[in-house]
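[1] Here is my input, please return the structure:
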Amino acid sequence: MVLTAEQINNIGITGRVTSSLSMLGTITIISTFVFSRHFRSPIHRIIFFNAFFNLLDSVATMISVSGPEAGDYSSLCQFQGFALQMFPLADVLWTLAMALDTYLVVFHHHDAHSLQKLEYKFIGSITIVTFIPAIVFLFIRSPAKGPVYGNETIWCSISPNWLILRFALYYGPVWLAIGLIIICYALIGIEITRLRVEFKLTDDENIALTSNLSNNQFIPDRTQASVTTTIETNSSDAIKQADTSESHITSFSSVHQAVTSRPLTSNSTPMNYQSPKQRRVSFKQYILMPALFFLALLATWVAPTINRISTFINPDYQSYSLLLAVSTLGSLRGFWNGVIFTTIGMKGWKRRVVEKKIPNRSGRRLHC
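    As a prediction, this is how the structure comes out:
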């Protein structure tokens with residue numbers, strides 16, 4: 001099936017419209033982060049860094065069908081191919097970074113300061129991993145196959161002549177990262193379920209923990225100690241989350257640590273997990289944003305992967321509806337990120353405003 005000129009034009013228009021929405025979403029993320037202190041949590045920071053990758057991704061998708069129309073050897077086509085090799089993959093890796101942050105909070109009681117130290121490693125590794133193959137592909141070409149970046153109907157990317165390369169160094173890493181994200185959230189979900197069973201919580205209750213332990217500090221051996229853990233309920237509109245500008249994330253795994261702690265030495269004293277200077281964090285709220293980003297990620301990559309597998313099975317097959325879906329969903333990455341960032345962020349900000357107006361919050365205590 002060969003697409004008509006009208007169909008290609010429709011794909012181009014749709015791609016540019018959705019790319020404009022993505023640019024708007026990305027600019028919203030950047031401006032909100034810069035001008036509002038309420039959007040400064042570790043997850044917000046990761047989304048902020050990813051926004052610059054999303055912005056360049058949107059520039060590439062905005063070119064749309066103009067890249068292939070300019071010709072495989074044109075600078076426009078080669079730039080578009082380079083950008084679409086690097087920045088969509090970076091978006092997946094930043095989503096993996098969010099999942100890793102959440103995993104570290106749950107299982108290794110990392111606080112905001114510890115997570116912030118990892119940001120430079122995330123920036124460096126993601127940039128290097130995505131930039132090197134993207135720039136190398138610009139210089140690979142052969143008389144028989146032509147350049148690596150070429151006409152893919154809806155934009156320029158790795159051409160059909162280099163299809164194996166596209167599976168190995170594009171879709172392969174993407175779905176490997178998605179698989180790792182699924183594993184992270186599966187482990188997190190198991191731990192949440194375990195704690196709900198352990199503390200006999202209902203579905204309407206969130207775990208809101210505070211801890212005065214540092215990142216590497218553990219409860220020493222003891223014979224007996226009393227540790228107080230507060231488990232807040234959602235029965236009211238009161239917030240479980242205080243001002244994110246304090247830059248503290250409480251370890252969800254502190255409950256497990258408190259329950260299974262070994263005897264204290266004679267010089268040690270019981271530790272109280274009710275430090276008033278640290279903000280309480282409802283883990284349900286903390287995990288919501290990265291989980292939604294992951295769902296948006298899946299929605300983005302299912303259609304392109306199906307299209308690529310179809311092309312691999314039958315190189316002459318082209319589906320207008322499928323290519324239209326690929327162009328639309330592939331151009332909306334920044335838009336979905338912006339919607340989730342602002343919607344969940346504003347929800348948390350409103351909760352903090354309510355919390356400041358309601359000093360006394362209901363809750364039940366569990367003594368271990």
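
[2] Show me the shaky parts of this protein.
    Counting by pLDDT under 70, the chain shows low-confidence ranges at 1, 196, 199-287, 289, 345-368.

[3] residue ranges of the strands in it, please?
    Here the chain has its strands, by DSSP state E, at 141-142, 146-147, 149-151, 156-158, 208-209, 228-232, 281-282, 363-367.

[4] The first one pairs with which strands?
    So that's strand 141-142. strand 146-147 (antiparallel) (DSSP bridges).

[5] got a list of what Tyr103 touches?
    Contact analysis of Tyr103 by CB atoms under 8 Å, 6 or more residues apart in numbering lists 184, 187-188. No exception for glycine: its C-beta is placed from N, CA and C like everyone else's.

[6] between those residues, which is nearest Ile123?
    Nearest to Ile123 among these: Cys184, at 19.8 Å, using CB to CB.

[7] For the nearest residue to that closest one once chain neighbours are set aside, list the residues it contacts.
    Take Cys184 and drop its neighbours on the chain: the residue closest to it by CB to CB, 6 or more residues apart in numbering is Ala99, 4.1 Å away. For Ala99, the contacting residues are 180-181, 184-185, 290, 294, by CB under 8 Å, 6+ apart.

[8] Just the buried ones among the contacts of Tyr103, please.
    184, 188 (16 or more other CB atoms under 10 Å).

[9] Please produce a markdown table containing the contacts of Tyr103, extended by distance to Ser74.
    Converted to a markdown table, those look like this (distance: CB to CB, whole Å):
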| residue | distance to Ser74 |
| --- | --- |
| Cys184 | 41 |
| Leu187 | 47 |
| Ile188 | 46 |
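
[10] what's the neighbour count on the residue nearest to Val92 when sequence neighbours are not counted?
    Once flanking residues are discounted, Val92 sits nearest to Ala177: 4.8 Å by CB to CB, 6+ apart. The number of residues packed near Ala177 is 20, by other CB atoms under 10 Å.

[11] so how far is Val326 from Ala177?
    19 Å (CB to CB, to the nearest Å).

[12] what's the answer for Pro290, then?
    Computed as CB to CB, the Pro290 to Val326 distance reads 25 Å.

[13] And for Ile313?
    For Ile313, the distance to Val326 - CB to CB - is 16 Å.

[14] between those two, which one's more packed in?
    Val326 (26 against 8).

[15] and the more buried one, what is it in contact with?
    Here Val326 is in contact with 154, 303-304, 307 (CB under 8 Å, 6+ apart).

[16] Could you verify my assumption that Tyr185 touches Phe293?
    No: at 11.1 Å, Tyr185 and Phe293 do not qualify as touching, with contact defined as CB atoms under 8 Å.

[17] top of the contacts of Val326 by neighbour count?
    That'd be Ile154 among those, by other CB under 10 Å, with 25 neighbours.

[18] got a list of what that one touches?
    By CB under 8 Å, 6+ apart, the residues touching Ile154 are 11-12, 15, 64-65, 68, 323, 326-327.

[19] Just the buried ones among those, please.
    Looks like the contacts of Ile154 have 11-12, 15, 64-65, 68, 323, 326-327 buried, using 16+ other CB under 10 Å.

[20] which one among the residues you listed gets closest to Ile164?
    Checking the buried ones among the contacts of Ile154 against Ile164 with CB to CB, the nearest one is Val326 at 19.7 Å.

[21] Please report the distance of the closest one from Ile29.
    Taken as CB to CB, the span from Val326 to Ile29 is 24 Å.

[22] ok, now His38?
    Counting by CB to CB, the gap from His38 to Ile29 is 14 Å.

[23] now do Phe79
    Shown here: Phe79 relative to Ile29, a distance of 24 Å by CB to CB.

[24] Looking at these two, which is more packed in?
    Neighbours were counted for Phe79 and for Ile29 using other CB under 10 Å; Ile29 has more, 27 against 18.

[25] for this protein, which helix is longest?
    helix 75-108 (DSSP state H).

[26] Return the set of buried residues in that one.
    Neighbour counts over helix 75-108 (16+ other CB under 10 Å) mark 77-107 as buried.

[27] Could you do stretch 296-304 as well?
    Residues of stretch 296-304 classed as buried: 296-297, 300-301, 303-304 (neighbour count, 16+ other CB under 10 Å).
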